[in-house]
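Student: Predicted model and sequence below, questions to follow.
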Amino acid sequence: MDYYLRLAGAENSAFGTIVAADERASLPHARPTDKIITPHSAVLFDWGACCQSYCSDLTRVVFLGKIPPLLKKLYRIVAEAQQRAIDLIKPGLPIGRLDKTARAFIQKKGYGKYFGHGLGHGIGRQGHEAPRLKGNKNKLQPGMVMTIEPGIYLPGQGGIRIEDMVLVTETGCELLTASVPKKLEEMVL
Ligand code: ZN
Ligand code: ZN
């Protein structure tokens, strides 16, 4: 992935690319190991480019061959939590409301304690910068760029995170990572 980022014009990777299969995906900051990917693995990729000194950051999970029923269920919950947050984005909204909304949905589905990190972070010259999304009382402003990345991590079993980048516009937001497939049926290889 790092090679293709450079081929496409990136100066560098924005951070150490995460590739985590199956139970390793339950670690939000998994490091590569010697784990062998199997014909039916679920593989989480979290990667970003640094280009003209600005960073990107996104996460997708792909399924080899078929989607295990539990992960299918988690994927749908995480995808809806993310969409609910994205649908709210517009100038003037308290930033923390995004995290609250996504978290409330995941909690309602019974997985609240398995979403152990904030909904996202600002991104720009650095991979993680202001604004922090969780508990932030400041308001969204046009021009802010942030990630929206809910996740559910079941220790020893697996994890699903879906991460996209949004730009806050005058009227709402623009999904900067819209060209990367995300629909469940598109994630099966
Ligand atoms: Zn990421
Ligand atoms: Zn991120």
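Tutor: It's in. The model shown is predicted, which means the values in this text are computed figures rather than measured ones. Ligands and ions are numbered 1, 2, ... in the order given.
Student: Report the contact partners of residue 50.
Tutor: Counting by Cβ atoms under 8 Å, 6 or more residues apart in numbering, residue 50 makes contact with 10-14, 56. Where you see a C-beta, it was placed from the backbone N, CA and C, and this is true even at glycine.
Student: how much space between it and residue 117?
Tutor: Counting by Cβ to Cβ, to the nearest Å, the gap from residue 50 to residue 117 is 22 Å.
Student: Let me see the contact set for the residue nearest to the spatial centre of the chain.
Tutor: For the chain, residue 163 is the residue whose C-alpha lies nearest the centre (Cα atoms, centre = their mean; 1.7 Å). By Cβ under 8 Å, 6+ apart, the contact list for residue 163 reads 46, 57-60, 120, 147-149.
Student: ok, now with 6 Å
Tutor: Contact partners of residue 163, counting by Cβ atoms under 6 Å, 6 or more residues apart in numbering, are 58-59, 147, 149.
Student: Can you spell out which residues form a bridge with it?
Tutor: Note on residue 163: beta-bridge partners by DSSP bridges are residue 59.
Student: The lengthiest helix in the chain: how far from the chain's middle?
Tutor: Among the segments of the chain that qualify as a helix by DSSP state H, the longest is helix 69-88. A distance of 11 Å separates the centroid of the chain from that of helix 69-88, by Cα atoms, centre = their mean, to the nearest Å.
Student: Show me what whichever helix or strand comes after it is packed against.
Tutor: Using DSSP states H and E, the helix or strand that directly follows helix 69-88 along the chain is helix 96-108. Contacts defined by 3 or more Cβ pairs under 6 Å, 6 or more residues apart in numbering; DSSP states H and E place helix 96-108 against helix 69-88.
Student: Tell me which other helices or strands the helix it packs on touches.
Tutor: Using 3+ Cβ pairs under 6 Å, 6+ apart: helix 69-88 touches helix 96-108, strand 145-148, strand 158-161.
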